[in-house]
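J.: The sequence and its predicted three-dimensional model are supplied below.
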Amino acid sequence: MGKGMFITFEGGDGAGKSTVINKVYEELVKKNLSCMITREPGGIDIAEQIREVILNVKNTKMDARTEALLYAAARRQHLAEKVIPALEEGKIVLCDRFLHSSLAYQGYARGLGIEEVYEINKFAIDSYMPDLVILFDIEPKLGLERINKNKGREINRLDKENMDFHDKVREGYSILMEKYNHNIVKVDASGAVDEVYLEVSKIINENIENKAI
């Protein structure tokens, strides 16, 4: 397939990204496609350590700019150590969150400015951008209800933000959809997991086929 393909999964908390990304990964493996699944912040040891700091519920004093910088630092290490080598090997990389999360959460919802947070991240990501962004759109109230019902899921510092914050995250993603719509595909994530998975699978397979042509 030549140079690999970088696919990122975005959306508000409780949108079902993690469940669907695993199903997509299993499907691609069955097709004997070379692929890798990872997440942000995290994916490798150093970035997982940064994740612990960012999402620790005790870190209530964390400044918004500190938060944005920590995400960018974790992103850089994850890219350099894991994503870039995989892409150079021609793998399909499925990543749970990437740049657009920082733009929606810290840039818009935290009020730091989308462009300002993008500038921080330009230094971190160099020229690496996703080939395809799947945006899981869901009412924040429904997403948080799902989190509360899922006893196996970690409750992190961002989950504990008020509803206004989560509404702003969704609004931020809508703005990004308008600004960078050339490679963002929005899916309705409010339905059953299998329905969402089938839609996402169709989008990804079409993009893989188009890249191979």
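T.: Structure's in. What do you need?

J.: Now do the contacts for the closest residue to residue 19 other than its chain neighbours.
T.: Take residue 19 and drop its neighbours on the chain: the residue closest to it by CB to CB, 6 or more residues apart in numbering is residue 193, 5.5 Å away. All C-beta atoms are positioned from the backbone trio N, CA, C, and that covers glycine. Applying CB atoms under 8 Å, 6 or more residues apart in numbering to residue 193 gives the contacts 16, 19, 20, 23.

J.: Name the helix or strand for the second one, please.
T.: Read it as residue 19. For residue 19, the element it lies in under DSSP states H and E is helix 17-30.

J.: buried sites along that helix?
T.: For helix 17-30, the neighbour count (16 or more other CB atoms under 10 Å) marks 17, 20, 21, 23, 24, 25, 27, 28 as buried.

J.: Tell me the pLDDT of the nearest residue to the second one once chain neighbours are set aside.
T.: It refers to residue 20. Closest residue in space to residue 20, ignoring its immediate chain neighbours: residue 197 at 5.0 Å, by CB to CB, 6+ apart. Note for residue 197: predicted pLDDT of 97.

J.: Look at residue 197 and give its secondary structure.
T.: Following DSSP: H, G, I helix; E, B strand; the rest coil, the label given to residue 197 is helix.

J.: quick one, what contacts it?
T.: 19, 20, 23, 24.

J.: before we move on, what about residue 140?
T.: Residue 140 neighbours (CB under 8 Å, 6+ apart): 12, 13, 163, 166, 167, 169, 170.
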